[in-house]
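[1] For reference, the sequence and a predicted model appear below.
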Amino acid sequence: MNVKKVSSRLLCAAAVSIALTSAGAFALNNDSIKNTDSTSIEMLDARFKQGDYEFVIEALEDVKAKTPKQYNILISALMNIDLDDAEEVADEFVKNYNSDYRAYHTHANVMGAQASNSIFSALGYAEKAKQSLETAVTLAPDEVGVYQALMQFHLMAPSIAGGDMDEAEKLADKIATLDALEGQFAKAKFYLQDDQVDKAVEIYATLAQQNEAKIRANLELGTHYLTDERFQNAFETLSVLLNESVETVTDKESEQWEAYAENKSNLLYGKYRMGLLAVQSGEYTDSGIAALEQYIEEYNSTSIETAHLPSMNWANLRLAELRLNANDVQQAKATLSQINGEEDKRFAKILKGLKKQIKKRA
């Protein structure tokens with residue numbers, strides 16, 4: 001397997017690992033809440049949602065004694081601007097919180113992103129990601145999220161980069177001993193990657209019948225179909241989410257908050273995936289537009305952590321693509337005007353191409 005393929009596989013591992021941290025590793029503990037100006041954090045979250053990463057970086061880069069929450073917001077912003085700078089801050093996070101599993105979890109995310117971005121250094125970064133995840137497991141042996149992230153690494157990383165399907169299956173079994181529901185999801189993911197799709201679909205079908213699991217089950221299976229370019233299957237699975245909703249929980253200190261935040265996050269991600277399906281397939285344009293419009297509205301109004309979700313810039317870019325596909329040139333142009341700040345090179349390339357198409361058709 002060549003190094004480019006290694007990088008691509010590690011990108012998937014990093015993306016999923018980041019998603020897994022949304023309700024766990026990125027959550028504030030009580031000490032962080034006490035030591036954090038809530039108004040300032042709310043402001044930074046709002047600016048992050050708007051894609052104003054430079055504001056977040058400038059506000060936090062010189063802050064001494066950063067909390068884990070502040071480190072996570074800063075690193076998330078830097079990952080959208082400069083991965084090398086994100087790596088430097090992630091190293092600092094580990095140094096300053098060397099007994100906190102969340103620091104290593106975040107560090108692994110950055111190393112995975114670096115591996116996907118560097119052809120010649122991919123294997124070295126992969127090893128660093130693996131080491132950080134293994135350290136996180138050691139520090140938090142009862143924390144399901146770190147086992148999930150390490151399992152995902154073994155599933156997605158090729159053997160040359162340290163991936164091991166046998167280890168992934170053992171981790172799935174371990175997760176089941178800690179949480180029966182999470183164990184089912186872990187086993188389904190293992191079956192998908194092990195080309196036992198029928199077994200995975202059977203598990204997801206059972207999970208989709210459970211209120212607390214149906215949104216996530218449809219998201220994960222639909223994402224698999226989308227990645228595999230089985231567009232009809234992906235549509236049938238993801239379109240279910242357009243009519244789903246999550247009962248709002250406002251008290252972040254309540255017992256219900258974590259489950260609500262995870263469920264809401266999965267629902268938002270599913271709607272974005274529905275839009276992406278319409279872009280990639282060239283079909284289902286109306287459903288894709290509806291999904292992204294819902295995503296944008298709910299993303300802007302939600303109080304859950306959104307750093308792990310696709311940004312407003314990406315959502316507006318995909319929505320503009322679909323509106324152009326629907327021959328609504330003026331709406332496509334208006335949608336592009338909502339984009340604020342910069343993203344990565346791939347984003348810039350798509351944006352440039354869209355602007356050229358709009359100019360030709362205006």
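    Done, it's in. Numbers count the residues shown, from 1 in each chain.

[2] So, low pLDDT: which residues of this structure?
    Applying pLDDT under 70 to the chain flags the ranges 1-39.

[3] if we go to 50?
    Along the chain, the parts satisfying pLDDT under 50 run over 1-8, 10-36, 38-39.

[4] residue ranges of the strands in it, please?
    Assigned by DSSP state E, the chain shows no strands.

[5] tell me, which helix in it spans the most residues?
    Of all the elements of type helix in the chain, the one with the most residues (DSSP state H) is helix 257-281.

[6] buried ones in it?
    The neighbour-count check on helix 257-281 (16 or more other Cβ atoms under 10 Å) flags 257, 260-281 as buried. Any C-beta I mention is one placed from the backbone N, CA and C, and that applies to glycine too.

[7] Also stretch 205-215?
    207, 208, 213, 214, 215.

[8] My read is that the first one contacts residue 219, right?
    No: Residue 207 is not in contact with residue 219 according to Cβ atoms under 8 Å; the separation is 10.8 Å.

[9] Max pairwise distance over the buried residues of stretch 205-215: which two?
    Pairwise distances among the buried residues of stretch 205-215 were taken by Cβ to Cβ; the largest, 9.9 Å, belongs to 207 and 215.

[10] re earlier: mark which of the buried residues of stretch 205-215 are part of helices, please.
    Per DSSP H, the subset of the buried residues of stretch 205-215 in helices is 207, 214, 215.

[11] Among these, which one lies nearest to residue 318?
    Nearest to residue 318, judged by Cβ to Cβ, of those is residue 215 at 20.5 Å.

[12] any idea how far that closest one is from residue 204?
    Residue 215 sits 12 Å away from residue 204, going by Cβ to Cβ, to the nearest Å.

[13] how about residue 250, phi and psi?
    Residue 250 has phi and psi values of phi -100, psi -20 when expressed as degrees, to the nearest 10.

[14] Any figure for the gap between the residue nearest to it when sequence neighbours are not counted and residue 74?
    Spatial nearest neighbour of residue 250, excluding adjacent residues (Cβ to Cβ, 6 or more residues apart in numbering): residue 303 at 7.1 Å. Distance of residue 303 to residue 74, computed by Cβ to Cβ: 20 Å.

[15] Repeat that for residue 92.
    Per Cβ to Cβ, residue 92 is found 10 Å from residue 74.

[16] higher neighbour count, the two?
    It is residue 74, of residue 92 and residue 74, that has more neighbours when counted by other Cβ atoms under 10 Å, with 26 against 16.

[17] Enumerate every residue touching that one.
    Residues in contact with residue 74 (Cβ atoms under 8 Å, 6 or more residues apart in numbering) are 56, 57, 60, 61, 66, 89.

[18] Buried ones among the residues you listed?
    56, 57, 60, 66, 89.

[19] what residues are up against the residue nearest to residue 300 when sequence neighbours are not counted?
    Nearest residue to residue 300, sequence neighbours excluded (Cβ to Cβ, 6+ apart): residue 49, at 6.7 Å. Neighbouring residues of residue 49 by Cβ under 8 Å, 6+ apart: 299, 300, 306, 311, 312.

[20] Now for the residues you listed: which two are most distant?
    Longest span within these, Cβ to Cβ: 300 and 311, 11.6 Å.

[21] So those two - more neighbours on which side?
    Set side by side, residue 300 and residue 311 show more neighbours around residue 311, with 22 against 13, by other Cβ under 10 Å.

[22] which residue sits closest to the more buried one, ignoring its sequence neighbours?
    Nearest non-adjacent residue to residue 311, counting by Cβ to Cβ, 6+ apart: residue 51, 5.2 Å away.

[23] contacting residues for the one you found?
    Here residue 51 is in contact with 80, 311, 312, 313, 339, 340, 341, 343 (criterion: Cβ under 8 Å, 6+ apart).

[24] Could you export those residues as CSV, including distance to residue 320?
    Shown next, in CSV, are the contacts of residue 51 (distance: Cβ to Cβ, whole Å):
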residue, distance to residue 320
80, 19
311, 14
312, 12
313, 11
339, 8
340, 14
341, 16
343, 14
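
[25] Buried ones from those residues, can you make that a ChimeraX selection?
    Applying 16+ other Cβ under 10 Å to those, the buried members can be selected in ChimeraX as follows:
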select :80,311,312,313,339,341,343
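
[26] ok, so of the contacts of residue 51, who is nearest residue 245?
    Out of the contacts of residue 51, the member with the shortest distance to residue 245 (by Cβ to Cβ) is residue 312, at 20.9 Å.

[27] To what extent is the closest residue to residue 56 other than its chain neighbours buried, counted in neighbours?
    Take residue 56 and drop its neighbours on the chain: the residue closest to it by Cβ to Cβ, 6+ apart is residue 77, 4.1 Å away. For residue 77, the neighbour count with other Cβ under 10 Å is 28.

[28] Ok, residue 177 next?
    9.

[29] ok, the closest residue to it other than its chain neighbours to residue 147 distance?
    If the residues on either side of it in the chain are set aside, residue 177 comes closest to residue 183, at 7.4 Å by Cβ to Cβ, 6+ apart. Going from residue 183 to residue 147 by Cβ to Cβ gives 10 Å.

[30] Show me which of these two is the more surrounded one.
    residue 147 (26 against 17).

[31] wait, doesn't the more buried one sit right on residue 171?
    Yes: assessed by Cβ under 8 Å, residue 147 is found in contact with residue 171 at 5.4 Å.

[32] what are the ranges of the helices in the stretch 151-300 of the chain?
    Secondary structure of the stretch 151-300 of the chain (DSSP state H, counting those that start in this stretch): helices located at 165-178, 180-193, 197-207, 214-227, 231-238, 257-281, 285-301.
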